[in-house]
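Visitor: sequence-free structure coming up:
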Ligand code: ZN
């Protein structure tokens with residue numbers, strides 16, 4: 001990412017010395033980055049990675065009609081905790097388009113095996129979501145003068161999502177240069193960082209823990225109950241629990257019991 005190694009060292013050692021995780025001090029020479037922050041496990045880890053890499057982070061979240069809008073509260077907590085310069089929450093009504101278990105009346109699948117999750121594109125796919133999110137991130141990056149966008153997509157655990165693949169990210173990056181004034185004038189590069197692309201959930205959690213991420217302040221469940229409690233049965237919950245189990249770390253989240261609705 002072309003960042004000084006000293007910045008990384010300084011941040012990490014400060015974090016471990018104080019044992020509080022994130023660093024809140026701002027460095028005026030930090031490069032700006034737009035970080036797509038859903039409030040989930042992956043994007044929160046990406047925010048920590050971007051901060052550890054020395055970026056001044058402009059976090060971008062969306063109220064898009066998702067069932068799990070509780071994640072936006074988590075996003076706010078994490079953007080504060082990690083000293084984001086700004087946290088912008090935009091309203092876009094993807095629920096009016098529907099076509100997804102996350103925004104429509106389609107039931108969120110529960111209790112699926114890993115094999116079943118890997119078959120085709122899941123019901124929780126939201127049509128066009130990452131393209132729409134990245135387009136907003138691209139626009140904001142151009143306005144604030146950021147060359148870097150961070151996104152927490154992952155091609156391993158969610159191989160069924162077409163807009164989480166490396167070829168998709170590479171194509172968007174290329175398109176963004178054609179689509180923006182700064183790109184066509186050759187003044188700027190635009191890099192889309194997807195640092196979790198090839199990581200397992202276990203590796204993502206281990207990396208986040210090392211950086212000081214508080215996973216109790218994240219939300220993954222696609223179908224939360226009252227108070228935002230995770231169901232423990234949807235794909236997102238099952239993959240998260242599997243990741244924590246493989247990492248040998250207990251998930252700080254409280255899950256609701258199976259019989260609870
Ligand atoms: Zn769940």
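Guide: That came through fine. Computed from a predicted structure; not experimentally measured. Numbers count the residues shown, from 1 in each chain.
Visitor: show me the contacts for the residue lying closest to residue 213 once chain neighbours are set aside.
Guide: Computed as Cβ to Cβ, 6 or more residues apart in numbering, the closest residue to residue 213 that is not its neighbour in sequence is residue 48, at 4.9 Å. C-beta here means a position set from N, CA and C on the backbone, and glycine is covered the same way. Residue 48 is in contact with 22, 82, 208, 211-213, counting by Cβ atoms under 8 Å, 6 or more residues apart in numbering.
Visitor: what do you get for residue 253?
Guide: The neighbours of residue 253, taking Cβ under 8 Å, 6+ apart as the test, are 215-216, 218-220, 230, 240.
Visitor: so which helix or strand takes in the closest residue to residue 100 other than its chain neighbours?
Guide: Leaving out its chain neighbours, the residue that sits closest to residue 100 by Cβ to Cβ, 6+ apart is residue 126, at 4.3 Å. For residue 126, there is no enclosing helix or strand under DSSP states H and E.
Visitor: quick check: residue 126 touching residue 98?
Guide: No - here residue 126 lies out of contact with residue 98, judged by Cβ atoms under 8 Å, at a distance of 9.5 Å.
Visitor: looking at those two, which is more packed in?
Guide: More crowded of residue 126 and residue 98, by other Cβ atoms under 10 Å: residue 126, with 23 against 13.
Visitor: which parts of stretch 128-144 are buried?
Guide: Neighbour-count burial for stretch 128-144, counted by 16 or more other Cβ atoms under 10 Å, picks out 129-130, 132-134, 136-138, 140-142.
Visitor: my bad, stretch 219-232
Guide: Within stretch 219-232, the residues that count as buried by 16+ other Cβ under 10 Å are 219-224, 228-232.
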